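Enquirer: after the sequence you'll find the predicted model.
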Amino acid sequence: MDFFQTDEILEIPVSELQALFRDLIQVYDTLNEALKDAGIMQGRELGEMNTKASNAVKAEKSPIGKLTLLNAYIKKEIWHIRNALKMRPTFTPTGEGKIQQAITKIQLRASAIVEHVKTIAQGKKEVAFNSSQARDFLSGREGKPPSRRDTIRALRRAEKICPALACGHTPNDGRQTTRLTATADNLKQADILKVDRDCDIRQRSRLDEVRIVFFKEPGSSA
């Protein structure tokens, strides 16, 4: 790549700087979406970074300064993604020659919930297990309660891995509390299935795309 001479003065139209600024914002937003979808940064942590970046860029008066700041925050997003890629689950061949992914926390929680619901269903015709009960149950196992969102994700995963369970909202509940329901007879005969979610595949694909774009192997063509 050729660089300009340090003593060279350029006249750049404002429209071109604005176009470059919009492109950098799009890059930032795309990386932001990848961070969120892949679960690398979410909720308050992601919101605080976005607010800090937005305030810093707005406060900067120089157009070049705005571009430099935005580029710095893009580098920060890439740094988070790169660290996540270094710590991503290791894939190892199984005896059958297949690739097996490390089990996720949501999957573990869902499996525990299924077994717990089977236990409390004993001696009953029907059973219901809502998100509040699930948070209390998981809190007892993990030492602290998971977020409401993660609890609901575990309940929905439990429905997928155990066909006898149905996940929905509690009737006549203004808060629309999420719950699992099932008949005891169906639960007795139900096995836990192994489910690979489409969103898991999309998230891994998104991370792979980012890795290919920003972290090419030495000697690879640009």
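Expert: That came through, no problem.
Enquirer: so which residues of this protein form strands?
Expert: Under the criterion DSSP state E, the chain contains strands at 92-93, 99-100, 126-130, 166-169, 178-183.
Enquirer: just name the most buried of these.
Expert: Of all those, strand 178-183 carries the top mean neighbour count, a mean of 20, counting by mean count of other Cβ atoms under 10 Å. Backbone N, C-alpha and C define where each C-beta goes, glycine included.
Enquirer: ok and it relative to strand 126-130, angle-wise?
Expert: 170 degrees (axes from the mean of the first three to the mean of the last three Cα atoms, to 10 degrees).
Enquirer: how far off centre is strand 178-183?
Expert: 26 Å (Cα atoms, centre = their mean, to the nearest Å).
Enquirer: ditto for stretch 126-146
Expert: Chain-centre distance of stretch 126-146: 22 Å, with Cα atoms, centre = their mean.
Enquirer: and for stretch 11-18?
Expert: 37 Å.
Enquirer: got JSON lines for the strands of the chain, with distance to Gly65 and mean pLDDT too?
Expert: Output for the strands of the chain, formatted as JSON lines (distance: least, Cβ to Cβ, whole Å; pLDDT from 0 to 100):
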{"stretch": "strand 92-93", "distance to Gly65": "48", "mean pLDDT": "46"}
{"stretch": "strand 99-100", "distance to Gly65": "47", "mean pLDDT": "40"}
{"stretch": "strand 126-130", "distance to Gly65": "52", "mean pLDDT": "93"}
{"stretch": "strand 166-169", "distance to Gly65": "50", "mean pLDDT": "92"}
{"stretch": "strand 178-183", "distance to Gly65": "47", "mean pLDDT": "92"}
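Enquirer: tabulate the ones you listed (TSV), appending distance to Ser111.
Expert: Supplementary listing: those in TSV, determined by distance: least, Cβ to Cβ, whole Å:
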stretch	distance to Ser111
strand 92-93	21
strand 99-100	16
strand 126-130	14
strand 166-169	15
strand 178-183	13
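Enquirer: quick check: which of these is nearest to Lys52?
Expert: Within the strands of the chain, the stretch nearest Lys52 is strand 178-183; the backing value is 33.2 Å (Cβ to Cβ).
Enquirer: and the contacts of that closest one?
Expert: Contact partners of strand 178-183, identified using Cβ atoms under 8 Å, 6 or more residues apart in numbering, comprise 113, 117, 121, 125-131, 152, 155-156, 158-159, 162, 164-170, 190.
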